[in-house]
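Q: pasting the sequence and the predicted coordinates here, then a few questions.
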Amino acid sequence: MKARTCLIGMLTFMAMPLGARERLIMSVSPAVSFAPAHLMVRAMIEADGENRGMKVVAESNDFYRASEVELDGDKAPRTNLFEFRSLPPGDYQVTATLLGADGHQLAYKHTQVNVVSSGVAR
């Protein structure tokens, strides 16, 4: 019974509209990890006919990785998952940019992630 209640709660949350004027919500996990790190970025968007693309970037002083996906307006999935594997140590800025038809920025979110050295000699 408890599992069913939890599942219904999650489904309800996923079906709820985002906050007023909040076109993009981003979460990154973990916020702190040991290298080589595997980051999961979840970007949730409000359904909108203008949505044409999303770009997610993980960048430190010594490393850059990006992923981009096309979106089909209001038919695009609300949640997009991006995975960045084997990130080396560093302080990372993780950004998500929601793009319109002509490539202009509709929304932008960022957060900081710290990947620390494992301390294991190789």
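A: Thanks, I have the structure now.
Q: which parts of the chain are helices?
A: For the chain, the helices defined by DSSP state H cover 2-15.
Q: any low-confidence regions in it?
A: Scanning the chain for pLDDT under 70 picks out 1-21, 119-122.
Q: start to end distance for stretch 70-81?
A: 13 Å (CA to CA, to the nearest Å).
Q: which parts of it are buried?
A: For stretch 70-81, the neighbour count (16 or more other CB atoms under 10 Å) marks 71, 76, 80 as buried. In this view, the C-beta of every residue, glycine as well, is placed from N, C-alpha and C.
Q: for the first one, grab phi and psi.
A: Recorded main-chain torsions at residue 71 are phi -120, psi 150, according to degrees, to the nearest 10.
Q: same thing with the second one?
A: The main-chain torsion angles of residue 76 are listed as degrees, to the nearest 10 and equal phi -70, psi 150.
Q: how near is residue 41 to residue 96?
A: Relative to residue 96, residue 41 is positioned 7 Å away (CB to CB, to the nearest Å).
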